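With the sequence up front, the predicted model follows.
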Amino acid sequence: MATALSLSFPQPDIGLITFDLPGKGANILSRSVLDELAGLLDQVEKRKDLAGLVVKSGKPGTFIAGADIREFLASLGAPKSDVVAMCRRGQQLFQRLSNGPFVSMAAIDGICVGGGAELAVWCDRRVMSDNPKSEIGFPEVKLGLYPGWGGTSRAPRLVGLANALEMITAGETVDARAAMTMGLVSDVVPADKLLDAAIGVIRAEKQTGQYLMDRERWSGPLVEEPTELMFLGATASAMIQQETKGNYPAPMAALELMLETCQLPAEEALQREAEGMAQLFGSPVNAALINVFFLTDRNKRDTGLDKANVAAATIKSAAVIGSGIMGSGIAAATLKSEVPIALTDANVDALAKGAKQVLEEAAYNRKTKGPDLAKTLKLAPLLSVTHRDEEIAAADLVIEAIIEKEEPKKELYARLEPLLRPEAILASNTSTIPITKLAAGLKRPERFCGIHFFNPVRRMKLVEVIRGAKTSDETIATAVAFAKRIGKSPIVVGDGPGFLVNRLLFPYMNEAIELLCDGASIKDIDRAATAFGMPMGPITLYDLVGLDTAVYAGLTMAKAFPDRIVSSPLVPAMVKQGRLGQKSGMGFFSYQNKKGRAEDDPAVEQLITTYRRDTRKFSRDELINRLFLPMLLEATRMLEEKIVRDVRDVDLGLIFGLGFPPFQGGLLYWADRIGAAKLLEMIKPLEPLGPRFQPTPLLREMAAKGRQFYPQGGAA
Ligand code: NAD
């Protein structure tokens, strides 16, 4: 069997372990790889003539992408004692890297995260390539864990407690320059000089013996001033609380652990780390976040089709028509990925404004918080701003993002289609108009689909690729590949009102208004949603989206699903009073203060009172059930109608498109945790409220057969 690790000797006294997992794009630390490592360490430890041992990757641009999460998933139900043992085994194996009769060295080119970063910090020294892909970090908190193979005790000893806390509790990576500044790496060099640099550092260490003094020092406690510890603890804890709102226990657990264990000898710290991991591993939040990991992992590999023999065409140039909010965002994302793009708009001013925004957004530098001159010069020649249809029609992919009205869109297609090359794809960013309807007059409806971006495009990763009745598989595959190329996470959705995300948003938004009319307060409704983990409550969301937009979109949904959408007169009444939400300075809240902050508005209370049917009080659980059960029922209808290909698309779509809380694992994942039979019990008392609470045949069948949405209890 091909092995992942190989041992060679580039110089007589230098051992080199090369990690190259056969048949994979990235190196992953699985149990079998750890066993291989143990075997190689057995060999090199016997060699008393070695000055150094270098660990490097055989895959250029990627060092180690972490531990094998599939093995985590398989061990989720393991007893706590097994988790402790699992951590201790990993720690003791890596520890051998800093106890051997040689200077150990990690030569890092590319991503070095999780278990890979732990292996690296156990080495005596590290060197890193200046490849922009080189980064090092501990993203374990994103899986509801913290580093458990020694990272929490080793990292503070190398870079100081403050730096280590920031890296581990935020789960962000740092690049080579930042790693060098904090003393995590000894040298940063071009990738092809990495091995030479590693050997150079080894030789210098051998001469000074500094690494031996560090080994001695790092086996003891970290000396920290008690006041410094208190200060660090208080600031980090406030930041974590603000970030996690108490929904993600791992960062706080890491903080408490590290504050305690930095004062202990390393050996005791390691034991405490392993014991603490046993509390997090297998917890509901850990399991939910592992589900989200596999949702995104599957999405990365998904071609958008269930068959394998359809090839996606490469989009070499694109065009966007309509340079408003969405069109300029789509063009910027495309340009940023260095795909040549032509932009047009019927309105000259809109085009000038849009083009400026496209370039600024595409060349934005996150570090300097402004446009990057070098990037601007590189990208500007790829953007062409035009009024000529011929220039637009020369692109491989043309995305229409004009006004949301059927007729102008169809007129545009009739004018443009004859100019397009036969293999070009035409797509609409429409959020409400059925794709099949828009394709009605086209000569080549098979080359037409929806590519629905979300607002703001620069922040929202989700893209819905919508298949019309005649859209071809090649068109879908190409649209999916293009969306990925520009950094988005596409899901393929069947043609239907609201597609996926908006169709599931409506029952939830609708129910918030029904709850207001049934006596619940704005605050209680919003707080129930945010306690469930939503980034904001539905009432606040109304104000953000705009109440006029909500009324207009609500009409479309009410027309499509007249029995399920209750069109309350409350929102139209607010629109009539000029209460359009944040944009008009007042909606459900008033924004007429200096900072434009949301404030309660007694006039709204008065208006709601006129539409109130009841004044009863609701518990938080009742509010959560009222808001999320209609959403869930609608999702089961979409599965029945086969609007989505897979339950995982529903969950990913809601997490990336609506901010559905990752710690809940996804809507259907959440439902699986409750179970179909229990869900029916929860729905029963709500059934008299109307058909929107009518259990669907799918849910009833699942309850009768004891089935779950996810086939094996998780997304993997
Ligand atoms: P917008 O009003 O900001 O921009 C539309 C632009 O299209 C305007 O600049 C207008 O001058 C131009 N235009 C109108 N008719 C045209 C024509 N015939 N030819 C060329 N240009 C024309 O609108 P937007 O918010 O960017 O929405 C555009 C599309 O994206 C709509 O279909 C909308 O439903 C969809 N969408 C919007 C959002 C959102 O949140 N705004 C989200 C997803 C999808």
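Received, thanks. Numbering: from 1, shown residues only.

tell me, how many neighbours does the closest residue to the ligand within the stretch 1-150 of the chain end up with?
In the stretch 1-150 of the chain, the residue that lies nearest the ligand is residue 142 (27.7 Å; C-beta to the nearest ligand atom). C-beta coordinates here come from the backbone N, C-alpha and C atoms, glycine included. With neighbours defined by other C-beta atoms under 10 Å, the count for residue 142 comes to 18.

Repeat that for residue 138.
Residue 138, neighbours per other C-beta under 10 Å, totals 29.

Now that it has come up, it's in contact with residue 150, right?
No: the pair residue 138 / residue 150 is not scored as a contact, 11.1 Å apart, by C-beta atoms under 8 Å.

Give me the common contacts of those two.
In terms of C-beta atoms under 8 Å, 6 or more residues apart in numbering, residue 138 and residue 150 are both contacted by the residues residue 118.

What about the residue in the chain that the ligand sits nearest to, how many residues nearby?
Of all residues in the chain, residue 324 sits closest to the ligand, at 1.8 Å by C-beta to the nearest ligand atom. Residue 324 has 16 neighbouring residues, counting by other C-beta under 10 Å.

Sketch out the strands for the stretch 101-250 of the chain, chain order is fine.
103-108, 111-113, 125-129, 135-137, 173-175, 187-189 (DSSP state E, counting those that start in this stretch).

actually the stretch 251-400 of the chain, not the one I wrote
Using DSSP E, counting those that start in this stretch, the strands of the stretch 251-400 of the chain run over residues 318-321, 341-344, 364-365, 370-371, 383-385, 397-400.

can the ones you listed go into a markdown table with extra columns for distance to the ligand and mean pLDDT?
Below are the strands of the stretch 251-400 of the chain laid out as a markdown table (distance: least, C-beta to the nearest ligand atom, whole Å; pLDDT from 0 to 100):
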| stretch | distance to the ligand | mean pLDDT |
| --- | --- | --- |
| strand 318-321 | 5 | 98 |
| strand 341-344 | 6 | 98 |
| strand 364-365 | 19 | 92 |
| strand 370-371 | 22 | 87 |
| strand 383-385 | 13 | 97 |
| strand 397-400 | 8 | 98 |
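
what's the closest of those strands to residue 177?
strand 364-365 (14.6 Å; C-beta to C-beta).

Check which strands are paired with that closest one and give the direction for each one.
strand 370-371 (antiparallel) (DSSP bridges).

Give me whichever of the strands of the stretch 251-400 of the chain is most buried.
strand 318-321 (a mean of 27; mean count of other C-beta atoms under 10 Å).

contacting residues around that one?
So strand 318-321 is contacted by 327-328, 330-331, 334, 339-345, 391-402, 412, 416, 482 (C-beta under 8 Å, 6+ apart).

and those, which of them are in helices?
Among those, DSSP state H puts 327, 328, 330, 331, 334, 391, 392, 393, 412, 416, 482 in helices.

rewinding a little: which of the contacts of strand 318-321 count as buried?
Buried subset of the contacts of strand 318-321 (neighbour count, 16 or more other C-beta atoms under 10 Å): 327-328, 330-331, 334, 339-345, 391-402, 412, 416, 482.

if we can go back for a sec, please tell me how far the residue of the stretch 1-150 of the chain closest to the ligand sits from residue 243.
Per C-beta to C-beta, to the nearest Å, residue 142 is found 12 Å from residue 243.

How about the residue of the chain closest to the ligand, nearest residue that isn't a chain neighbour?
Counting by C-beta to C-beta, 6 or more residues apart in numbering, residue 324 lies nearest to residue 350, which is 6.3 Å off, once chain neighbours are set aside.

all helices of the stretch 51-200 of the chain, in order?
69-74, 80-95, 115-122, 151-159, 161-170, 176-181, 194-208 (DSSP state H, counting those that start in this stretch).

which secondary structure elements does the fifth one contact?
The one in question is helix 161-170. Helix 161-170 is packed against helix 151-159, helix 226-244, helix 249-261, with contacts defined by 3 or more C-beta pairs under 8 Å, 6 or more residues apart in numbering; DSSP states H and E.

Just to check, the residue of the chain closest to the ligand is in contact with residue 349?
No: contact criterion C-beta under 8 Å: residue 324 and residue 349 do not qualify, at 11.3 Å.

Considering only helices and strands, which part of this structure has the lowest mean pLDDT?
Each helix and strand of the chain was given a mean pLDDT (mean pLDDT, DSSP states H and E); the minimum falls on strand 370-371 at a mean of 87.

Might you report the residue contacts of residue 414?
Here residue 414 is in contact with residue 441 (C-beta under 8 Å, 6+ apart).

Let me know the pLDDT of it.
Looking at residue 414, its pLDDT reads 97.

Three-state assignment for it, please.
helix (DSSP: H, G, I helix; E, B strand; the rest coil).

and the stretch 201-350 of the chain, which of its residues are near the ligand?
Residues of the stretch 201-350 of the chain lying near the ligand by C-beta under 6 Å from any ligand atom: 321, 322, 323, 324, 325, 326, 327, 345, 346, 347, 350.

How about the chain?
321-327, 345-347, 350, 401-404, 408, 412, 429-431, 453, 455.

hmm, try it at 8 Å
Listed as neighbours of the ligand in the chain under the rule C-beta under 8 Å from any ligand atom: 321-329, 344-347, 350-351, 354, 400-404, 408-409, 411-412, 428-433, 452-455, 545, 549.

could I have the strand or helix carrying residue 631 exported to CSV, CA atoms only?
In the assignment (DSSP states H and E), residue 631 maps to helix 620-640. The C-alpha trace of helix 620-640 is given here as CSV (Å, rounded to 0.1, in the frame of the first residue of the first chain):
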residue,chain,number,x,y,z
ARG,A,620,-39.9,32.0,24.3
ASP,A,621,-40.3,28.4,23.2
GLU,A,622,-43.8,29.2,21.8
LEU,A,623,-42.4,32.0,19.8
ILE,A,624,-39.5,29.9,18.5
ASN,A,625,-42.0,27.2,17.4
ARG,A,626,-44.3,29.7,15.8
LEU,A,627,-41.4,31.2,13.8
PHE,A,628,-39.4,28.1,12.8
LEU,A,629,-42.0,25.4,12.4
PRO,A,630,-43.7,27.0,9.4
MET,A,631,-40.3,27.4,7.8
LEU,A,632,-39.6,23.7,8.4
LEU,A,633,-43.0,22.6,7.0
GLU,A,634,-42.3,24.7,3.9
ALA,A,635,-38.9,23.0,3.5
THR,A,636,-40.7,19.6,3.6
ARG,A,637,-43.0,20.8,0.8
MET,A,638,-40.0,21.8,-1.2
LEU,A,639,-38.5,18.4,-0.7
GLU,A,640,-41.8,16.8,-1.8
